[in-house]
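Engineer: sequence and predicted model, in that order:
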Amino acid sequence: MLNAQDLSPSIYIAGHRGMVGAALVRALERAGYTQLITRTHAELDLTDQTAVETFFADQRPTQVYLAAAKVGGIHANDTYPAEFLYQNLLIEANIIQAAWRHGVERLLFLGSSCIYPRLAPQPMPETALLTGPLEPTNEAYAIAKIAGIKLCESYNRQYGTDFRSVMPTNLYGPGDNFDLANSHVLPALIRKFHQAKLDAAPSVTVWGSGTPRREFLHVDDMAAACLHVMDLDPDTWRTQVDPRCSHLNVGTGVDVTIAELAHMVAEVVGFQGQLVFDPSKPDGTPRKLLDVTRLRDLGWTAAIDLTDGIRQTYHWFLEHQGQIRL
Ligand SMILES: NC(=O)C1=CN([C@@H]2O[C@H](COP(=O)(O)OP(=O)(O)OC[C@H]3O[C@@H](n4cnc5c(N)ncnc54)[C@H](OP(=O)(O)O)[C@@H]3O)[C@@H](O)[C@H]2O)C=CC1
Ligand SMILES: C[C@H]1O[C@H](OP(=O)(O)OP(=O)(O)OC[C@H]2O[C@@H](n3cnc4c(=O)[nH]c(N)nc43)[C@H](O)[C@@H]2O)[C@@H](O)[C@@H](O)C1=O
């Protein structure tokens, strides 16, 4: 006789200790999935093809969420392009190949909104992919992410697999990286404003001109979107998604300037000094707003308001200061 465990898919979450991977584990547990498979980086180096192959042969997951990657903000991407390209290509190639070889029923690959051309029309539709030059500060990472999308589509076309891709906008939330050099803007600003408040500093430096526009999605919304896309039945997926342009944008559909974001974070943290913009630091792409029509038509929209999300993330930062990635 079958028990409930036999009916539940066994789900491998690659990168479960990262910001998104941890949110995926929380969402899957909340949704009642019981057979979650996880490995730390120390237990399984996903750039090691033999180790990945052995892991899939042993564990035989039926679903995979591919949320492991070399990740960082504008400075990290611009400074370590070799690692961003090499490690991300290996992680994706190893997992996608092993997932095909070992009969994974469904896989979700996480890309990024930086796959689109630097000057793509705004908001950026999925069809903007490969229509123009990329933003130089994250070209290496973007090329790895484009390769991941095309790997999924190629295995689907050649082998009939069901490998799906989502392109998140800039994410933030509990579990983020708060390193001052290598993190993304939102956690960096939380940490800078918090420290400035404690030090009663007169000003905080914000990189760049403050004019670039970015769209910010809370990681719990991102996890909810991932489960939504993964749970779409194969017929819906096949009939509504173009097999040669199969990635789905995930965002809020709303963006703010970096200056506006900085003022929002300062207010939440309670920093009352001046903001000083440092034009010697790169702005990156001028605007990166996703067109989220496709995912909305498939039944999903974001729920967490940006100010509420910043407030909640700041509380998380305060409660976890001893344990967070700095
Ligand atoms: N954060 C954001 O704003 C955005 C993220 N994304 C994408 O979402 C996904 C998740 O990102 P996020 O959670 O923010 O990133 P994190 O850096 O928080 O998490 C990535 C995880 O991957 C693990 N990892 C990296 N390399 C390896 C490896 N060789 N072997 C095993 N594990 C490895 C890391 O472990 P360890 O730390 O031990 O190396 C970490 O736990 C990524 O694909 C990213 O590209 C897309 C758009 C925006
Ligand atoms: C998610 C996305 O993340 C990266 O792209 P990005 O959107 O440019 O990322 P960012 O969050 O680091 O910066 C956003 C903007 O904010 C400004 N900015 C101000 N002050 C700080 C600051 O203190 N830190 C940082 N990091 N940026 C700052 C910064 O100068 C820039 O104008 C990609 O490389 C790519 O990998 C990717 O996919």
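Structural biologist: Nice, I can see it. Numbering: from 1, shown residues only. Ligands and ions are numbered 1, 2, ... in the order given.

Engineer: contact residues of the stretch 151-300 of the chain facing ligand 2?
Structural biologist: When proximity is defined as C-beta under 6 Å from any ligand atom, the stretch 151-300 of the chain approaches ligand 2 at 170, 183-185, 188-189, 206-208, 212, 214, 258, 281-284. C-beta: built from backbone N, CA, C; applies to glycine.

Engineer: let's see 8 Å
Structural biologist: When proximity is defined by C-beta under 8 Å from any ligand atom, the stretch 151-300 of the chain lies next to ligand 2 at 168-171, 180, 182-186, 188-189, 192, 205-210, 212, 214, 258, 261-262, 278, 281-285, 288.

Engineer: Y33 belongs to a helix?
Structural biologist: No: Y33: not assigned to a helix; according to DSSP: H, G, I helix; E, B strand; the rest coil it is coil.

Engineer: what about it, distance to L318?
Structural biologist: Using C-beta to C-beta, to the nearest Å, we find Y33 at a distance of 31 Å from L318.

Engineer: which of those two has more neighbours?
Structural biologist: It is Y33, of Y33 and L318, that has more neighbours when counted by other C-beta atoms under 10 Å, with 16 against 11.

Engineer: the more buried one touches S8, doesn't it?
Structural biologist: Yes: here Y33 reaches S8: they are 5.9 Å apart, a contact under C-beta atoms under 8 Å.

Engineer: D220 contacts A27, correct?
Structural biologist: Yes: if you go by C-beta under 8 Å, D220 and A27 touch, sitting 7.2 Å apart.

Engineer: strands of the stretch 151-300 of the chain, start to end?
Structural biologist: Secondary structure of the stretch 151-300 of the chain by DSSP state E, counting those that start in this stretch: the strands cover 163-168, 170-172, 203-207, 213-214, 216-218, 248-250, 256-257, 274-278, 287-288.

Engineer: ok, which of the ones you listed comes nearest G18?
Structural biologist: Among these, the nearest to G18 by C-beta to C-beta is strand 170-172 (10.3 Å).

Engineer: listing partners with orientation, what would you give for the closest one?
Structural biologist: strand 216-218 (parallel) (DSSP bridges).

Engineer: how far does the partner strand sit from its chain's centre?
Structural biologist: 10 Å (C-alpha atoms, centre = their mean, to the nearest Å).

Engineer: before we move on, what about stretch 224-239?
Structural biologist: Remark: stretch 224-239 is offset 18 Å from the chain centroid, using C-alpha atoms, centre = their mean.

Engineer: buried sites along it?
Structural biologist: Using 16 or more other C-beta atoms under 10 Å as the test for burial, stretch 224-239 gives A224, A225, C226, L227, H228, V229, M230, L232, W237.

Engineer: I appreciate the help and will end here.
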